[in-house]
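Trainee: Structure for this input, please:
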Amino acid sequence: MAITVLKQPFYKKHEYRLMTAGLMPFLLSAVAVLLGVDQIIFIGDIKKLIGLYCLVIVSFMSGIVWGISLTRTPTSKKQIALGDFALSKYFYLSNVLAVTAWLTYYLAPDGRMFFAVAILCFICLLFVDRHFFILGMTTKSYLVARSNITAIVLACLIVIICQIE
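Mentor: Numbers count the residues shown, from 1 in each chain. Here you go, the predicted model:
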């Protein structure tokens, strides 16, 4: 029985497809809100649904930051010299972002406040990803893809915020 050695991790092949698929609910929600559609049969309230989806994605992205903070070693000599605190701040920040998003959703599930907080969470998570790239902990292609997807998500959320009465 021959063992095949993978040249790259299995997820690299699907990483960008999954990012793009994850973008679709944001795009569809923004279009629905622009068209004045508040409810969809079998789905319900669009704003509440996209709010829940934001929570899932903020939690998921925070989990990625948490995991990278725990498992990857920086290749930057400057970062290594700073010690454990430099990475542990992201470990804690990931938890703060997820909990903040959940608390805000609890207080204002389909209001401007929640979507504004979600926007801030996505921006913070992108800055963390940028820092991880600078430290050699992620790739340039990942950062570029994340930046492009985040820009579109932010535009969709701004459209949704502008349509909330």
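
Trainee: Longest helix in this structure, please.
Mentor: Counting by DSSP state H, the longest helix found in the chain is helix 46-71.

Trainee: Confirm Met137 sits in a strand?
Mentor: No: using DSSP: H, G, I helix; E, B strand; the rest coil, the secondary structure at Met137 is coil, not a strand.

Trainee: just checking, it touches Ile68?
Mentor: Yes: between Met137 and Ile68 a contact is recorded at 6.0 Å, counting by C-beta atoms under 8 Å. Every residue, glycine included, has its C-beta placed from N, CA and C.

Trainee: For the closest residue in space to Phe132 that isn't next to it in sequence, list the residues it contacts.
Mentor: Counting by C-beta to C-beta, 6 or more residues apart in numbering, Phe132 lies nearest to Thr138, which is 4.6 Å off, once chain neighbours are set aside. Contact analysis of Thr138 by C-beta atoms under 8 Å, 6 or more residues apart in numbering lists Ile68, Asp129, Phe132.

Trainee: Tell me where the protein has strands.
Mentor: 39-40, 44-45 (DSSP state E).

Trainee: Report the separation between the closest residue to Val33 other than its chain neighbours and Leu93.
Mentor: Sequence neighbours aside, Gln163 is the residue nearest to Val33 in space, at 4.5 Å (criterion: C-beta to C-beta, 6+ apart). As judged by C-beta to C-beta, to the nearest Å, Gln163 and Leu93 stand 30 Å apart.

Trainee: for Gly51, same thing?
Mentor: Per C-beta to C-beta, Gly51 is found 22 Å from Leu93.

Trainee: Can you get me a residue count around the residue nearest to Val33?
Mentor: Neighbour count for Gln163, taken as other C-beta atoms under 10 Å: 16.
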